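# any chance you could fold what I've pasted below:
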Amino acid sequence: MAVFKCKMCGGYLNCNDIDTVVTCEYCGVKQTTPTFDDNKEHIVYIDSKNVQALIDRGNMALEDKEWEKAEKYFEQALNIDSRSGAAYLGKFLKECHCENLERLKDNLLNKYDHDHTQKLVMYNEGKVQKDIDKIARKYIIPNFLSFNIDGQFNTSYHSVLNSRRGNYKNLCNYLENNQNLNKAYRFLEETEKTSIEKIIESIKKALQDKIDSSQKEDEACIENLQKQYQEHLKTCEENFIKEYEKANVQREKEYQEACQKNNREENIANYVDSKIRFERLTDYKDAATYAKRFKDKIKIVKRKRAIKTTIFVMIGFILFYILVFATAAHQTSSTYNEAIQLLENQEYDKSLELFTSLNAYKDSKEKVEYIKEILNKK
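Residues are numbered from 1 along each chain as shown. Model (predicted):
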């Protein structure tokens, strides 16, 4: 078999007997359709046996899942014959990691269809009860409100549905825009094209069927969840009302006890006890006002205690200094009297020493001068 080469880039030209001008698909140059009478260097003779052998080797590599080796065989076949539809088809299968056309359906369905129902299935298998308990605590207890399950589950469901539809669209885009698949269509025989088209259509239909089936399953799941939700929500409300009434009886009892304790002797221990009792009741009746009142009383008592403590400390310091001063005065007076006695006994040296230590006490200085004169005369 012979094909013509582009005069500019050497690529294989796709031309027929009718065309007089052909455009090279590789470099885009337009040129007159070559003939066998033209320069022989633009004619390439292809050995179809070699091409088929490379394609067979590539298909064997696909069966063994040796993807890179298969790619090389198909590329070698295309180097010999760039119009080999079977080689392009082999490259497409390698790209999809498919051993053959029969495996294409399973591979693409697995790639473009994920288990998006897992979250809803998980809710349907028991987790819903825990979630409803949480919702009940958050929405029922404050104002006895009912929470709409649509906000909890339907949003997730619509997100899942849009994701599935996006997968279907992505699959269609992939098959329509895949270069290797398009070139395989272009160069394969009509019977082979028809066979591939049937497989492609069966893949799209299978994915669409899965989407429809999953949508029905999810809708049934949500309907079941709504039923569970309403039943469990009703139980939560009934239980809460019972607990709420029981709690109110207990709170009223504690409130009355706290009010009775309020009339006890006024001291800080009783104030603290009353404050704690009213704080436990939080927003019940006027408990918060009472709690604040006792908190203020505790502050006043503590402030008074601090003032008293300061006064006692100051008085203690004053008495201490008075005691020290009195003791010192008594000691000085005793020393003075002793010095006078020594002077009278004419023990001048000892008397002089004591009068000198008394410094300016009474007439100690005069006594010191007097004793010094006596000692000088001697």
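
# correct me, but Q208 touches K169?
No: Q208 lies out of contact with K169 (Cβ atoms under 8 Å); the separation is 11.2 Å. All C-beta spots, glycine's among them, are computed from the backbone N, C-alpha and C.

# quick one, which of those two is more surrounded?
More crowded of Q208 and K169, by other Cβ atoms under 10 Å: Q208, with 14 against 11.

# any idea which helix or strand carries the more buried one?
For Q208, the element it lies in under DSSP states H and E is helix 190-261.

# I'd like the next helix or strand past that helix.
Per DSSP H and E, the helix or strand that comes after helix 190-261 is helix 268-280.

# how about that following helix as CSV, C-alpha atoms only?
Listed next in CSV are the C-alpha coordinates belonging to helix 268-280 (Å, rounded to 0.1, in the frame of the first residue of the first chain):
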residue,chain,number,x,y,z
ILE,A,268,-20.5,36.3,105.1
ALA,A,269,-20.9,32.5,105.3
ASN,A,270,-24.7,32.8,105.0
TYR,A,271,-24.4,35.4,102.3
VAL,A,272,-22.1,33.0,100.2
ASP,A,273,-24.5,30.1,100.8
SER,A,274,-27.5,32.2,99.6
LYS,A,275,-25.6,33.5,96.6
ILE,A,276,-24.7,30.0,95.5
ARG,A,277,-28.2,28.7,95.9
PHE,A,278,-29.7,31.6,93.8
GLU,A,279,-27.0,31.3,91.1
ARG,A,280,-27.9,27.6,90.6
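
# mind giving me the packing neighbours of it?
If you count contacts as 3 or more Cβ pairs under 8 Å, 6 or more residues apart in numbering; DSSP states H and E, helix 268-280 packs onto helix 190-261, helix 287-344.

# mean pLDDT lowest where, among those helices?
Per-stretch mean pLDDT for the helices and strands packed on helix 268-280 is lowest at helix 190-261 (a mean of 78).

# that one: how far from the chain's middle?
With Cα atoms, centre = their mean, to the nearest Å as the basis, helix 190-261 stands 24 Å off its chain's centre.

# E201: neighbour count?
Per other Cβ under 10 Å, the neighbour tally for E201 reads 10.

# from K295, how far off is it?
E201 is 80 Å from K295, where distance means Cβ to Cβ, to the nearest Å.

# with I211 instead?
Taken as Cβ to Cβ, the span from I211 to K295 is 65 Å.

# looks to me like S82 is in a strand.
No: applying DSSP: H, G, I helix; E, B strand; the rest coil, one finds S82 to be coil, outside a strand.

# tell me, how many residues neighbour it?
There are 20 residues near S82, going by other Cβ under 10 Å.

# just the pLDDT for it.
82.

# who does the helix or strand hosting A86 touch, helix- and strand-wise?
Secondary structure assigned from DSSP H and E places A86 in helix 85-95. The contact analysis (3+ Cβ pairs under 8 Å, 6+ apart) places helix 85-95 against helix 48-63, helix 67-80, helix 179-187.

# right, and the ones you listed - which one's nearest D113?
helix 179-187 (19.6 Å; Cβ to Cβ).

# buried ones in that closest one?
For helix 179-187, the buried set under the neighbour-count rule, 16 or more other Cβ atoms under 10 Å, comprises 180-181, 183-185, 187.

# so which of the residues you listed is the closest to K234?
L181 (57.0 Å).

# the residue lying closest to that closest one once chain neighbours are set aside: how many residues sit nearby?
Distances taken as Cβ to Cβ, 6 or more residues apart in numbering place F92 nearest to L181, at 4.7 Å, with adjacent residues excluded. Neighbourhood size, F92 [other Cβ under 10 Å]: 22.

# kindly report the same for L343.
By other Cβ under 10 Å, neighbour count at L343 equals 19.

# state the distance from it to E252.
Counting by Cβ to Cβ - L343 and E252 are separated by 92 Å.
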